[in-house]
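**Q** Here you go, sequence then predicted model.
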Amino acid sequence: MKKLCIVFKQPPHGTAHGREGLDLSLLSASFEQEVSLLFTNEAVLTLLKDQDPESIGAKDYVATLGALPLYDIYTVLVCSESMQELGLSEQELRIGVTLSASEEIASHLNAVDEVIVF
């Protein structure tokens with residue numbers, strides 16, 4: 001089974017990067033690939049609870065995060081340095097994640113077959 005890590009680096013709204021990355025994640029998982037997700041930089045904001053993207057004319061693709069377990073996507077890493085820089089806590093996030101330091105992230109990226117960055 002191929003191991004794929006999708007890295008999210010862009011803020012959640014204003015571009016299609018986040019939605020496209022999430023779509024690719026679900027599609028890849030449905031084809032028997034072992035998919036993991038990594039949120040870093042401003043992409044961490046994607047995971048915040050109580051967002052209302054429709055109020056700014058954006059689609060609410062963020063709600064799709066709740067479907068990750070249905071696709072057997074259980075590894076969701078979040079850069080702890082990014083969380084700290086943005087002043088966020090794990091309790092503010094809408095799904096369960098693993099907070100990871102840069103060394104842990106590097107180790108994970110070395111363990112997968114392919115990395116795609118959005």
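**A** Cool, got the structure. Predicted model only: the values in this text are computed from it and were never measured. Numbering: from 1, shown residues only.
**Q** mind checking pLDDT for Ala111?
**A** For Ala111, the pLDDT comes out at 98.
**Q** Ok, Arg19 next?
**A** 89.
**Q** Quickly find the element holding it.
**A** Take DSSP states H and E as the rule and Arg19 turns out to sit in helix 17-30.
**Q** what's the next secondary structure element after that helix?
**A** strand 34-39.
**Q** mind listing the strands for the chain?
**A** In the chain, the strands defined using DSSP state E lie at 3-8, 34-39, 75-79, 98-100, 114-117.
**Q** can I get the ones you listed in CSV with mean pLDDT?
**A** CSV is the format used below for those (pLDDT from 0 to 100):
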stretch, mean pLDDT
strand 3-8, 98
strand 34-39, 98
strand 75-79, 98
strand 98-100, 98
strand 114-117, 98
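**Q** what's the closest of these to Leu45?
**A** Evaluated over the strands of the chain, closeness to Leu45 peaks at strand 34-39, with 8.8 Å, by C-beta to C-beta. All C-beta atoms are positioned from the backbone trio N, CA, C, and that covers glycine.
**Q** For that closest one, which outside residues touch it?
**A** Contact with strand 34-39 is made by 1-8, 25, 28-29, 46-47, 68, 71-73, 75-79, 82, 97, 105, 108-109, 112, as judged by C-beta atoms under 8 Å, 6 or more residues apart in numbering.
**Q** Try it again at 7 Å.
**A** Defining contact as C-beta atoms under 7 Å, 6 or more residues apart in numbering, one finds that strand 34-39 is touched by 1-8, 25, 28-29, 46-47, 73, 75-79, 105, 108, 112.
**Q** so where's the chain shaky on pLDDT?
**A** Along the chain, segments meeting pLDDT under 70 span 52-60.
**Q** if we go to 80?
**A** Counting by pLDDT under 80, the chain shows low-confidence ranges at 13-14, 50-63.
**Q** Pull out the buried positions in the helix holding Arg19.
**A** His17, Gly18, Arg19, Gly21, Leu22, Ser25, Leu26, Ser28, Ala29 (16 or more other C-beta atoms under 10 Å).
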